[in-house]
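Visitor: only geometry, no sequence info:
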């Protein structure tokens with residue numbers, strides 16, 4: 001059930017906010033809408049983070065949402081972020097700056113008056129310190145037009161506040177990592193369903209980051225499919241040029257098959273006995289295919305060094321041959 005939507009003054013300022021779909025995003029949007037502003041959200045999606053939570057937040061609050069896929073633009077930043085990475089492959093400060101820059105372009109094109117977000121000063125020790133918030137705003141290209149309603153009274157006055165588009169006295173002074181003020185405010189707005197504060201970005205995940213770094217280190221170019229495949233199965237680096245992806249579960253196998261590109265990849269399946277799907281992205285020579293097939297057999301229940309018939313689908317066609325299994329313990333060093 002959506003929250004009741006307040007009346008919007010036809011002459012009200014138009015605000016465009018970054019929305020992650022978390023509680024802070026919802027509160028920031030509702031707080032500005034309570035002032036009678038015309039509020040819209042924008043969210044971005046890549047293989048590293050989705051728009052699912054933002055879509056749910058939009059449905060719950062009734063705040064309109066713009067969704068844009070920014071994978072190509074995001075990758076250019078991700079390969080070499082000016083501020084570097086966090087603990088893993090997460091370029092949080094440059095990520096936020098890029099998102100505000102892209103949102104700012106929409107703001108200018110569609111006639112919005114300013115940008116906003118649900119960021120809270122001091123909530124995250126790296127990306128939401130005062131210097132970090134300032135870095136993001138300066139490097140967004142929209143300095144002075146980025147409002148953070150939940151912490152506005154602790155931050156410098158923005159242009160929309162100076163121009164009277166927003167009543168600064170009705171904005172808040174939240175700070176630090178406590179969630180109590182947000183939870184109380186959520187009750188006041190009637191928000192009872194919201195996701196846990198844990199981030200949904202795969203770039204903060206250790207295993208995913210290792211696989212992404214491996215991809216960057218060994219492959220000069222990559223499609224969105226290559227990035228999607230990082231989410232599934234076991235990844236084994238066979239040499240500097242070739243790696244395989246081995247399904248661990250039926251769900252993995254289904255996803256791998258869904259992202260299989262017949263015109264460039266090689267897909268390997270066991271015949272007559274259950275086993276994993278093995279994908280060789282971008283193909284490979286005969287010796288690599290043979291090794292991949294043997295690894296595929298090794299992950300079945302046929303037993304060590306069993307000989308099993310496998311089906312190999314290549315861009316040139318399909319063939320069947322017998323492969324001798326390699327025990328999983330022997331391929332552990334290949335795991336990414």
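Guide: Received it, and whenever you're ready, just let me know what you need. Since this is a predicted model, take the numbers as computed values, not measurements.
Visitor: could you chop this structure up by domain?
Guide: Following the assignment in automatic domain parsing, the chain carries domains at 14-200, 205-334.
Visitor: turn the ones you listed into CSV, including mean neighbour count and mean pLDDT.
Guide: (Each C-beta comes from the backbone N, C-alpha and C, glycine too.) Compiled in CSV, these are given as follows (neighbours: other CB atoms under 10 Å; pLDDT from 0 to 100):
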stretch, mean neighbour count, mean pLDDT
domain 14-200, 18, 95
domain 205-334, 17, 96
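Visitor: got these as JSON lines, with distance to residue 3 columns?
Guide: Shown next, in JSON lines, are those (distance: least, CB to CB, whole Å):
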{"stretch": "domain 14-200", "distance to residue 3": "5"}
{"stretch": "domain 205-334", "distance to residue 3": "32"}
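Visitor: so which strand or helix has residue 309?
Guide: strand 307-314 (DSSP states H and E).
Visitor: one more: residue 134?
Guide: Short version, using DSSP H and E: residue 134 is in helix 130-140.
Visitor: swap in residue 57?
Guide: In this assignment (DSSP H and E), residue 57 forms part of helix 52-61.
Visitor: so which elements touch that helix?
Guide: Applying 3 or more CB pairs under 8 Å, 6 or more residues apart in numbering; DSSP states H and E, one finds that helix 52-61 contacts helix 23-34, strand 38-45, strand 65-69.
Visitor: for the ones you listed, which one sits closest to residue 197?
Guide: Closest to residue 197 of those is helix 23-34 (CB to CB; 7.1 Å).
Visitor: angle of the closest one against strand 38-45?
Guide: With axes from the mean of the first three to the mean of the last three CA atoms, to 10 degrees as the basis, helix 23-34 and strand 38-45 are set at 160 degrees to each other.
Visitor: for helix 23-34, packing partners?
Guide: strand 14-18, strand 38-45, helix 52-61, strand 114-116, helix 180-189.
Visitor: mind checking how far stretch 116-128 is from the chain centre?
Guide: Put simply, stretch 116-128 sits 18 Å off its chain's centre (CA atoms, centre = their mean, to the nearest Å).
Visitor: compute the first-to-last residue distance for it.
Guide: Stretch 116-128 stretches 14 Å from its first residue to its last (CA to CA, to the nearest Å).
Visitor: do stretch 174-187 as well
Guide: Note: stretch 174-187 ends 16 Å apart using CA to CA.
Visitor: other residues contacting the helix holding residue 134?
Guide: 82-83, 93-94, 96-97, 100-101, 104, 115, 119, 121, 126, 143-144, 146, 148, 155 (CB atoms under 8 Å, 6 or more residues apart in numbering).
Visitor: turn the helices and strands packed on helix 23-34 into TSV, columns for distance to residue 132.
Guide: Shown next, in TSV, are the helices and strands packed on helix 23-34 (distance: least, CB to CB, whole Å):
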stretch	distance to residue 132
strand 14-18	15
strand 38-45	19
helix 52-61	22
strand 114-116	17
helix 180-189	20
